[in-house]
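Q: Have a look; sequence and predicted model below, questions after that.
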Amino acid sequence: MGITVGPITTPQGFQVDALYLHVITFRILSMTPTKSYHCIFSYEGYKSFEDKQNRNSPLSIPESLRQAETIVDSLEFLRRDIFEIAYATIKSRIAGEGYTVTDIQEPNQQKGSNYRFNKDLRDVDGFNPDGFDEDGYDKDGLNAQGYDKDGYDMYGYNQAGVDRDGNPRPTIPQ
(Lines give C-alpha, C1' and ligand atoms only; values in the text may rest on other atoms or scores of the structure.)
Protein backbone atom coordinates (compact mmCIF):
# COMPACT_ATOMS: atom_id res chain seq x y z
CA MET A 1 0.00 0.00 0.00
CA GLY A 2 1.36 3.40 -0.86
CA ILE A 3 0.33 6.95 -1.59
CA THR A 4 1.30 9.46 -4.21
CA VAL A 5 1.10 13.15 -3.51
CA GLY A 6 1.54 15.91 -5.97
CA PRO A 7 2.37 18.12 -7.44
CA ILE A 8 4.87 18.97 -4.72
CA THR A 9 7.95 21.18 -4.58
CA THR A 10 11.03 19.78 -2.83
CA PRO A 11 13.01 21.95 -0.41
CA GLN A 12 15.58 22.36 -3.21
CA GLY A 13 12.90 23.90 -5.44
CA PHE A 14 12.27 20.97 -7.80
CA GLN A 15 8.68 20.37 -8.91
CA VAL A 16 7.58 16.68 -8.73
CA ASP A 17 4.25 15.76 -10.33
CA ALA A 18 3.60 12.67 -8.18
CA LEU A 19 5.79 11.79 -5.21
CA TYR A 20 5.46 8.19 -3.96
CA LEU A 21 5.31 8.10 -0.13
CA HIS A 22 6.40 5.08 1.84
CA VAL A 23 6.23 4.56 5.64
CA ILE A 24 9.68 4.02 7.17
CA THR A 25 9.03 4.12 10.92
CA PHE A 26 6.19 3.50 13.35
CA ARG A 27 6.23 4.92 16.84
CA ILE A 28 3.41 3.66 19.02
CA LEU A 29 2.90 4.93 22.55
CA SER A 30 0.32 3.48 24.92
CA MET A 31 -1.83 6.07 26.67
CA THR A 32 -2.84 3.94 29.65
CA PRO A 33 -5.51 6.06 31.35
CA THR A 34 -7.45 6.52 28.10
CA LYS A 35 -6.72 3.01 26.75
CA SER A 36 -5.69 4.44 23.40
CA TYR A 37 -2.52 4.63 21.34
CA HIS A 38 -0.60 7.66 20.13
CA CYS A 39 0.83 6.65 16.74
CA ILE A 40 3.54 8.59 14.91
CA PHE A 41 4.47 7.60 11.37
CA SER A 42 7.54 8.81 9.47
CA TYR A 43 7.75 8.44 5.73
CA GLU A 44 9.93 9.28 2.78
CA GLY A 45 9.26 10.16 -0.83
CA TYR A 46 10.40 8.60 -4.10
CA LYS A 47 9.84 9.47 -7.76
CA SER A 48 7.89 6.20 -8.08
CA PHE A 49 7.25 2.80 -6.52
CA GLU A 50 9.86 1.39 -8.91
CA ASP A 51 12.43 3.90 -7.59
CA LYS A 52 11.80 2.59 -4.08
CA GLN A 53 12.04 -1.04 -5.25
CA ASN A 54 15.32 -0.28 -7.05
CA ARG A 55 16.68 1.18 -3.79
CA ASN A 56 17.22 4.63 -5.24
CA SER A 57 17.70 7.42 -2.75
CA PRO A 58 14.54 9.09 -1.49
CA LEU A 59 13.81 12.65 -2.55
CA SER A 60 13.84 15.37 0.04
CA ILE A 61 10.37 16.43 1.13
CA PRO A 62 9.45 19.49 3.19
CA GLU A 63 10.24 19.06 6.89
CA SER A 64 6.63 19.83 7.83
CA LEU A 65 5.41 16.84 5.80
CA ARG A 66 7.85 14.15 7.01
CA GLN A 67 5.62 12.64 9.68
CA ALA A 68 1.99 12.29 10.68
CA GLU A 69 0.42 11.36 13.98
CA THR A 70 -2.91 10.24 15.33
CA ILE A 71 -4.57 8.85 18.44
CA VAL A 72 -6.43 5.56 18.04
CA ASP A 73 -8.60 3.92 20.70
CA SER A 74 -7.45 0.44 21.73
CA LEU A 75 -10.34 -1.49 20.16
CA GLU A 76 -9.91 0.25 16.80
CA PHE A 77 -6.15 -0.30 17.05
CA LEU A 78 -6.68 -4.04 17.43
CA ARG A 79 -9.22 -4.22 14.60
CA ARG A 80 -7.14 -2.49 11.96
CA ASP A 81 -3.83 -3.28 10.28
CA ILE A 82 -1.03 -0.89 11.28
CA PHE A 83 -0.42 0.06 7.64
CA GLU A 84 -4.10 0.88 7.20
CA ILE A 85 -3.88 3.23 10.20
CA ALA A 86 -0.59 4.70 8.96
CA TYR A 87 -1.71 5.44 5.42
CA ALA A 88 -5.09 6.82 6.52
CA THR A 89 -3.26 9.16 8.92
CA ILE A 90 -0.73 10.23 6.28
CA LYS A 91 -3.45 10.80 3.68
CA SER A 92 -5.37 12.98 6.10
CA ARG A 93 -2.24 14.96 7.02
CA ILE A 94 -1.13 15.54 3.43
CA ALA A 95 -4.64 16.31 2.13
CA GLY A 96 -5.04 18.76 5.02
CA GLU A 97 -2.10 20.70 3.61
CA GLY A 98 -3.95 21.04 0.29
CA TYR A 99 -2.13 18.40 -1.74
CA THR A 100 -3.78 15.87 -4.03
CA VAL A 101 -3.40 12.36 -2.58
CA THR A 102 -3.86 9.09 -4.51
CA ASP A 103 -3.78 5.50 -3.18
CA ILE A 104 -1.34 3.14 -4.87
CA GLN A 105 -1.80 -0.62 -4.67
CA GLU A 106 1.62 -2.23 -4.58
CA PRO A 107 2.03 -5.58 -6.36
CA ASN A 108 0.91 -8.65 -4.35
CA GLN A 109 -0.42 -6.61 -1.45
CA GLN A 110 -3.92 -6.74 -0.05
CA LYS A 111 -5.86 -3.54 0.34
CA GLY A 112 -6.00 -2.25 3.91
CA SER A 113 -9.72 -2.93 4.22
CA ASN A 114 -9.09 -6.63 3.45
CA TYR A 115 -7.24 -6.95 6.74
CA ARG A 116 -10.31 -5.99 8.73
CA PHE A 117 -12.45 -9.00 7.77
CA ASN A 118 -11.67 -12.72 7.60
CA LYS A 119 -12.52 -15.03 4.69
CA ASP A 120 -16.17 -15.12 5.82
CA LEU A 121 -16.23 -11.29 5.83
CA ARG A 122 -16.39 -11.16 9.63
CA ASP A 123 -14.39 -8.75 11.79
CA VAL A 124 -12.66 -9.73 15.06
CA ASP A 125 -15.98 -9.52 16.90
CA GLY A 126 -17.76 -11.77 14.36
CA PHE A 127 -19.75 -9.04 12.58
CA ASN A 128 -20.03 -8.59 8.80
CA PRO A 129 -19.57 -5.19 7.10
CA ASP A 130 -23.29 -4.45 7.68
CA GLY A 131 -22.85 -4.99 11.43
CA PHE A 132 -24.61 -8.36 11.85
CA ASP A 133 -23.25 -11.63 13.25
CA GLU A 134 -23.72 -15.02 11.58
CA ASP A 135 -27.16 -15.39 13.21
CA GLY A 136 -28.30 -12.00 11.87
CA TYR A 137 -28.04 -9.95 15.07
CA ASP A 138 -26.17 -6.67 15.64
CA LYS A 139 -23.93 -5.69 18.59
CA ASP A 140 -27.03 -4.90 20.65
CA GLY A 141 -28.46 -8.36 19.96
CA LEU A 142 -31.20 -7.14 17.63
CA ASN A 143 -32.00 -8.31 14.09
CA ALA A 144 -32.76 -6.05 11.13
CA GLN A 145 -36.41 -5.79 12.28
CA GLY A 146 -35.32 -4.68 15.78
CA TYR A 147 -36.06 -7.89 17.71
CA ASP A 148 -33.76 -10.09 19.80
CA LYS A 149 -33.44 -13.90 19.57
CA ASP A 150 -36.53 -14.35 21.74
CA GLY A 151 -38.60 -11.97 19.59
CA TYR A 152 -38.57 -8.93 21.88
CA ASP A 153 -37.60 -5.37 20.95
CA MET A 154 -35.17 -3.12 22.84
CA TYR A 155 -37.97 -2.11 25.23
CA GLY A 156 -38.82 -5.74 26.06
CA TYR A 157 -42.01 -6.13 24.02
CA ASN A 158 -42.81 -8.60 21.23
CA GLN A 159 -44.68 -7.83 18.01
CA ALA A 160 -48.01 -8.31 19.78
CA GLY A 161 -47.03 -5.63 22.34
CA VAL A 162 -46.64 -8.00 25.28
CA ASP A 163 -43.55 -8.13 27.56
CA ARG A 164 -41.74 -11.28 28.75
CA ASP A 165 -44.06 -11.57 31.77
CA GLY A 166 -47.21 -11.38 29.64
CA ASN A 167 -48.05 -7.78 30.46
CA PRO A 168 -49.30 -5.54 27.64
CA ARG A 169 -47.37 -2.46 26.58
CA PRO A 170 -48.65 0.49 28.62
CA THR A 171 -50.66 3.02 26.74
CA ILE A 172 -50.30 6.73 27.24
CA PRO A 173 -53.61 8.33 28.23
CA GLN A 174 -54.73 11.02 25.85
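A: Looks like it arrived, so ask away.

Q: Okay, buried residues for the longest strand along the chain please.
A: What stands out as the longest strand in the chain, according to DSSP state E, is strand 19-31. If you call a residue buried by 16 or more other CB atoms under 10 Å, then strand 19-31 has these buried ones: 19-23. Quick note: C-beta positions are derived from backbone N, CA and C, even for glycine.

Q: Is residue 41 in contact with residue 68, as I believe?
A: Yes: the pair residue 41 and residue 68 passes the contact test of CB atoms under 8 Å, sitting 5.3 Å apart.

Q: and for these two, which residues touch both?
A: Residues touching both residue 41 and residue 68 by CB atoms under 8 Å, 6 or more residues apart in numbering: 86, 89-90.

Q: Check which helices and strands the helix or strand hosting residue 42 is in contact with.
A: Residue 42 belongs to strand 36-46 when assigned by DSSP states H and E. On a contact count with 3 or more CB pairs under 8 Å, 6 or more residues apart in numbering; DSSP states H and E, strand 36-46 meets strand 19-31, strand 67-73, helix 74-79, helix 82-96.

Q: Tell me which of the ones you listed lies nearest to residue 140.
A: For the helices and strands packed on strand 36-46, proximity to residue 140 was assessed by CB to CB; helix 74-79 is nearest, at 16.2 Å.
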